[in-house]
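> Here's a sequence, model it:
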Amino acid sequence: MSGERHRDDSYPSWLAGELLLLALLSAVLALYASYPSLPNTFDLPQLRLALDTSIALASALVAALTGVRFSVDARRADLLMCTGFAVAAASILTFEVIPALGGSLIAQPEAWSALAGRIVSAALIAAAAFSSGTVRDPDRTLGTAFVLAILSLFVIWSGAQALAETSIEKSGGGEPSISLTVTFSLLALLYLVATVGFGLRYRAHNDDLDSWLALAATLWLFAGLHFVFTPLLPGRDVALGDFLRLLACGLLVVGVWRAIRAAEFGRAVAEERARVAREIHDGLAQYLFALSTHVNLLRTGADPEIALPRIEEAAMLAQQEARFAVLALSSAGGSAPFDSALLRYVEFLCADGELEVDVEIDPDIRLAPDEQIEVFRIVQEGLANVRKHARADRAELKILQRDGRRIVCVRDDGDGFSGELPPAGQGLKNIRKRTASIGAAFTLSSEPGVGTTLEVALRG
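Modelled structure (predicted):
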């Protein structure tokens, strides 16, 4: 219920904050529109260079983060955002930062190329707000998108050369060019579309990243509107809209980072659920199945003197298994519950007298909760293989310290084998998988007529 309540309350709260931001930015914009004499541009080429570099780096970081998210989830929206921010970063570096490093003015072709790069970037981001679904081959698609982004820079440069020849830059007391006004109006329109689109996505899906994207698009919208009233080609001057652009990129870096962290947490929860489900299937479910089988045999006329002891043993083992699973999956440290559960399992395994197992556990050994459950399963698999395949009379189970490492060793005096290892059955596959899940090393050695040794070296 608390999760549903949070979902219900998040959008109205965000909408109230968004409306407040719109009101504040509208008031500031109206102030500058009503009083044109207020200073809104500053001839600070070094500050301009620092702002452009910061915006380019922030855009590149957002492109990288959304690219990582796309490589995992393969969403088209992430692909478009990654490509859009990559175009933004590349165009700023190519047409604004690099030409200004020498301290000279940016020529009109470079300035118009930078503006065209902003338009392409804004169009891709706005398209992301309304895209849905996933792509089949994310790695190949992402590579293709970056190639197209690089090619777009050459197209932008070629178009800017022609446009710069027909446009008239604002100068002295002259009027701003119509081309500049139209360009910034289109830019503001695209960010308005992005603001609305990401707001609607947030209402529909409650994805935290969409709220941050809508907030950033709002800042970009008013940056574009500011340039509509004060058209200015990229160059030496710094405008108030440039600070809004930088703030939007900074907020978006935070938002994308939070989204990736949330996705990692969600995947961790899903993996933990899958692990718990696997433990129930591999452990408790097997004993319950055995219990059900013996009950059915009893119902069909089996000898009660034979069936009832087996039912009792299966029920006791299922109870012990459930108790151990709860203890091992909990966050409590220590090894006492693990030791008692392991000894109880060995006692049950050896109850028929067919196999004798010597157990040696170093009392100073400490196992993490995830290691406890996996080591218990590895020992189960190892001893089960001894009973089924080794034809052994005795086995040793040791958990001890050796050369500063924690070692789990299962050794038997069975038939053994020579040469290549036998084909790995499901038991060995499970052991390898569980060993890898806790970052341990697994070795298996054998000698004919002497026996087999299974050894797991736990991480330090």
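
> Show me the strands in the stretch 301-450 of the chain, by range?
356-361, 394-402, 405-412, 441-447 (DSSP state E, counting those that start in this stretch).

> highest average neighbour count across the ones you listed?
Of those, the one with the most neighbours on average (mean count of other C-beta atoms under 10 Å) is strand 405-412, at a mean of 21. Heads up, the C-betas are built off the backbone N, CA and C, glycines and all.

> Which other helices and strands does the host helix or strand of Thr195 contact?
Using DSSP states H and E, Thr195 sits in helix 178-205. Secondary-structure packing of helix 178-205 (3 or more C-beta pairs under 8 Å, 6 or more residues apart in numbering; DSSP states H and E): helix 2-34, helix 108-129, helix 208-229.

> sorry, back to before: out of the strands of the stretch 301-450 of the chain, which is closest to Asp208?
strand 441-447 (39.6 Å; C-beta to C-beta).

> Mind listing residues that contact the helix or strand following the closest one?
Proceeding N to C from strand 441-447, the next assigned helix or strand is strand 451-457, under DSSP H and E. With C-beta atoms under 8 Å, 6 or more residues apart in numbering as the test, strand 451-457 has contacts from 375, 378, 382, 386, 390, 392, 405-417, 431, 435, 440-446.

> now strand 451-457, how far from the chain's geometric center?
36 Å (C-alpha atoms, centre = their mean, to the nearest Å).

> Pull the CA coordinates from that strand and hand them back as PDB.
Taking C-alpha atoms only, strand 451-457 is exported to PDB below (Å, rounded to 0.1, in the frame of the first residue of the first chain):
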ATOM      1  CA  GLY A 451      39.400 -41.200  -4.700                       C
ATOM      2  CA  THR A 452      38.300 -37.700  -5.700                       C
ATOM      3  CA  THR A 453      38.800 -34.300  -4.000                       C
ATOM      4  CA  LEU A 454      36.500 -31.300  -4.500                       C
ATOM      5  CA  GLU A 455      37.900 -28.100  -3.300                       C
ATOM      6  CA  VAL A 456      36.400 -24.600  -3.100                       C
ATOM      7  CA  ALA A 457      38.600 -21.600  -2.200                       C
END
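
> can you list contacts of stretch 91-102?
With C-beta under 8 Å, 6+ apart as the criterion, stretch 91-102 contacts 45, 48-49, 52-53, 55-56, 59, 106-107, 110-111, 113-114, 116-118, 120-121, 153, 156-157, 234.

> Repeat the analysis, applying 6 Å as the threshold.
With C-beta atoms under 6 Å, 6 or more residues apart in numbering as the test, stretch 91-102 has contacts from 49, 52-53, 55-56, 106, 110, 113-114, 117, 234.

> end-to-end on that stretch?
Length of stretch 91-102, first residue to last, C-alpha to C-alpha, to the nearest Å: 18 Å.

> just for the stretch 301-450 of the chain, where's the confidence low?
320-321, 323-337, 352, 419-427 (pLDDT under 70).

> show me where it has helices.
Counting by DSSP state H, counting those that start in this stretch, the stretch 301-450 of the chain has helices at residues 304-329, 336-349, 369-385, 426-437.

> Need the strands of the stretch 301-450 of the chain in JSON lines (columns: distance to Leu20).
Compiled in JSON lines, those are given as follows (distance: least, C-beta to C-beta, whole Å):
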{"stretch": "strand 356-361", "distance to Leu20": "63"}
{"stretch": "strand 394-402", "distance to Leu20": "61"}
{"stretch": "strand 405-412", "distance to Leu20": "57"}
{"stretch": "strand 441-447", "distance to Leu20": "57"}
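
> Nearest to Leu246, out of these?
strand 441-447 (49.4 Å).

> so what strands line up beside the closest one?
Using DSSP bridges, the strands paired with strand 441-447 are strand 451-457 (antiparallel).

> orientation of the strand it pairs with relative to strand 394-402 in degrees?
Counting by axes from the mean of the first three to the mean of the last three C-alpha atoms, to 10 degrees, strand 451-457 lies at 30 degrees to strand 394-402.

> which residues are in contact with stretch 185-200?
Contacts of stretch 185-200 (C-beta under 6 Å, 6+ apart): 118, 122-123, 125-126, 129-130, 210, 213-214, 217-218, 220-221, 224-225, 228.

> Show the buried residues in the residues you listed.
118, 122-123, 125-126, 129, 210, 213-214, 217-218, 220-221, 224-225, 228 (16 or more other C-beta atoms under 10 Å).

> that older thread, relative orientation of the helix holding Thr195 and helix 108-129 in degrees?
Computed by the same axes, to 10 degrees, the angle between helix 178-205 and helix 108-129 is 20 degrees.

> Give me the buried stretch members for helix 178-205, please.
Neighbour-count burial for helix 178-205 flags 179-181, 183-184, 186-188, 190-199, 201-203 (criterion: 16+ other C-beta under 10 Å).

> Centre of the chain to that helix, how far?
With C-alpha atoms, centre = their mean, you get 28 Å for helix 178-205.

> and the angle for it with helix 2-34?
160 degrees.

> domains of the protein?
Following automatic domain parsing, the chain resolves into domains at 2-271, 333-460.

> Which one, of those, ends up nearest to Ala302?
domain 333-460 (18.1 Å).

> from what I can see Leu298 touches Ile306, true?
No - contact criterion C-beta atoms under 6 Å: Leu298 and Ile306 do not qualify, at 9.2 Å.

> Which of the two has more residues huddled nearby?
Leu298 (16 against 11; other C-beta atoms under 10 Å).

> name the element the more buried one belongs to?
Using DSSP H and E, the secondary-structure element containing Leu298 is helix 285-299.

> quick one: that helix to helix 369-385, angle?
Using the same axes, to 10 degrees: helix 285-299 against helix 369-385 is 50 degrees.

> which other residues reach helix 285-299?
Against helix 285-299 from outside (C-beta under 6 Å, 6+ apart): 307, 310-311, 314-315, 317-318, 321.

> If you rank the residues you listed by neighbours, which is first?
Neighbour max across the contacts of helix 285-299 (other C-beta under 10 Å) = Glu321, 24 neighbours.

> which of the helices and strands packed on helix 178-205 has the lowest average pLDDT?
The weakest mean pLDDT among the helices and strands packed on helix 178-205 belongs to helix 2-34, with a mean of 77.

> Off-centre distance for it?
28 Å.

> Make 346 the starting number, not 1.
Done: numbering now begins at 346, and the last item shifts to helix 347-379.

> Arg546 contacts Leu554, doesn't it?
No - counting by C-beta under 6 Å, Arg546 sits too far from Leu554 to count as a contact (9.1 Å).
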